[in-house]
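**Q** quick one, structure for this:
(2 chains)
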Amino acid sequence: MKCNDIKELLPLYSGGEIDKEQYPIIENHIQVCNTCRDELNKYRDISNILSGFKEGCANEGLWEDMWLGIKEGIKREKKNTRILRFSAVLELAASFIIGIGIGYFCYLFLVEVPQERGAISKIDKSTDTTDSDFQSTVADYDPLEKIHRVTGMNVSAVDDNLVRELSLPNQTRGMFVLNIQNGSVAEEVGVRPGDIIIKYEYLPIRKLDLEGHCIYSLETKLKILRGGKIFEYKIPLAITTKGVILRDIRNRER
Amino acid sequence: MIDTEDISLIKKCQKGSEDAFKRLVEKYQRRTYWIAYNLLKDYYLAQDISQEAFIRVFKAIKRFDLSKSFYTWLYQIVVNLCIDHLRKRNITKEVGTEDVEIFTTEAIKNPIDKIEKGEISEQVKVILDKLPLKYKTVLVLRDIQGFHCEDIAEITNCPNATVRWRIHRARMLFKALWNGEINKVKETEVGGEL
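**A** Reported below is the predicted structural model:
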């Protein structure tokens, strides 16, 4: 190995970082080469000088001051962490409230809420309706509550006093027909004042389209107790968005 | 090698013990401070940087991997903070040696006396400041603080071979500047990744 090659290795050799197999080569060389030995001594001198700077004289109270500074910093960090956590909770709560708000407005825009439950005749917003409109209409059509509006009958619930007064069987329950409006569905069907409606049910049948208007057929079944006999009426009704109209009348006596 | 006392203290710190953290600070604050001082050559700045390093350690200690060395992690934080600071101040830049006193061989025969007088200290400071940051860092960690190359590799986040190469270059440059063989470090030596 030439002098220049050895000189290149001296910086690491002086600090002991060189590969083990290179030590004997350099040691043998510096014993015979004054130039390289001088160069090595320069590195060693510098190394000795630098190692003297590992620690100096610290100011009095430095370490105590440092801990106080660190302690203060830790306290500040803990406070910041608490603030950050609180902010995160606030952000979460705000997001939740905004989400609910957006959801509510979407609900208002997308879902049509009926203005008045059961007021079939008041549903007059559009001639075009959807199946959901129909379901809503049917759901609102409570025959026990609005029976007189649809059929023209004024009814009253049958109670124990009425059962005794009319000498009806004890278990009899239903609606007592008080009176019937002229030209009403009930009159055309043949229902009479004094009848007792013991069963009233309706069944959606189909969707029709008449002259551009959506019409939903609604077959209504009535079971009436009259003079100890039971009469059954079937009333196909057609409900439009503009009200209730009678489509057909059929009855039969059983 | 992992210090079992450190692990015990860190576990307590992870459970929130401030006393255990104080013990860690007491154990490592001197080395931390002098590393910062050797790199910055400013007592107050070294104190601030050391404090900041310990505060960062406190913040992140819950996530510390106990299979790793605590002190290399701490010193890595200190070194990075110092480097950030030096870069911001643009301290490490190419400068001439017109203000550097060239010491004779006689002058460095008795360095302890010179250190006491503060003259060699000033000379070392000036020359260290002339070195590119990557060389200055390894020289401080190896020749002043006496860390092993493996530890320096962890602290500077560099491969071992890179560390050895930088130590080699740093010593050559320091010797050349110290002996007045060169006046300044070449442009090509400046900068680069730490």
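**Q** in chain A, which spans are helices?
**A** Secondary structure of chain A (DSSP state H): helices at A:3-15, A:23-32, A:34-51, A:62-110, A:131-140, A:143-151, A:160-165, A:185-189.
**Q** and if you look at chain B?
**A** Under DSSP H, chain B gives helices at B:4-14, B:18-40, B:43-60, B:70-89, B:111-117, B:119-130, B:133-139, B:149-156, B:160-178.
**Q** helices and strands of chain B: which one has the lowest mean pLDDT?
**A** Lowest on mean pLDDT, DSSP states H and E among the helices and strands of chain B sits helix B:111-117, with a mean of 52.
**Q** do the same with chain A
**A** strand A:250-253 (a mean of 39).
**Q** circling back to that earlier point, just name the most buried of the helices of chain A.
**A** Of all the helices of chain A, helix A:185-189 carries the top mean neighbour count, a mean of 20, counting by mean count of other Cβ atoms under 10 Å in any protein chain shown. Bear in mind the C-beta positions are built from the backbone N, C-alpha and C, glycine included.
**Q** any weak-confidence spans in the stretch 101-250 of chain A?
**A** Residue ranges of the stretch 101-250 of chain A with pLDDT under 70: A:111-150, A:202-219, A:236-250.
**Q** hmm, I typed the wrong one, I wanted chain B.
**A** Confidence mapping of chain B against pLDDT under 70 gives the ranges B:1, B:90-118, B:183-194.
**Q** if we go to 90?
**A** Residue ranges of chain B with pLDDT under 90: B:1-5, B:16, B:18, B:41-43, B:86-130, B:178-194.
**Q** got the contact list for the closest residue to chain B within the stretch 51-200 of chain A?
**A** When scored by Cβ to the nearest Cβ, the stretch 51-200 of chain A has A:Gly73 as its residue closest to chain B, at 3.8 Å. Shown in contact with A:Gly73 (Cβ atoms under 8 Å, 6 or more residues apart in numbering or on different chains): B:51-52, B:54-55, B:58.
**Q** mind redoing it with 7 Å?
**A** Contact analysis of A:Gly73 by Cβ atoms under 7 Å, 6 or more residues apart in numbering or on different chains lists B:51, B:55.
**Q** return the distance of it relative to B:Ser121.
**A** The gap separating A:Gly73 from B:Ser121 is 30 Å, by Cβ to Cβ, to the nearest Å.
**Q** ramachandran angles for B:Glu158?
**A** Just so we're on the same page, residue B:158 is Cys rather than Glu. Backbone torsions for B:Cys158, taken as degrees, to the nearest 10, come to phi -130, psi 160.
**Q** neighbours of it, just the number please.
**A** A count of nearby residues for B:Cys158, using other Cβ atoms under 10 Å in any protein chain shown, gives 19.
**Q** and it, how far is that from A:Leu9?
**A** From B:Cys158 over to A:Leu9 (counting by Cβ to Cβ), the distance is 21 Å.
**Q** how about the residues of the stretch 1-150 of chain A by chain B?
**A** A:11-12, A:15, A:17, A:42-43, A:45-55, A:59, A:62-63, A:66-67, A:69-70, A:73-74, A:77 (Cβ under 7 Å from any Cβ of the partner chain).
**Q** got the contact list for the nearest residue to B:Glu150 once chain neighbours are set aside?
**A** Of all residues not flanking B:Glu150 in the chain, B:Asn160 sits nearest, at 6.4 Å (Cβ to Cβ, 6 or more residues apart in numbering or on different chains). B:Asn160 is in contact with B:149-150, B:153, counting by Cβ under 7 Å, 6+ apart.
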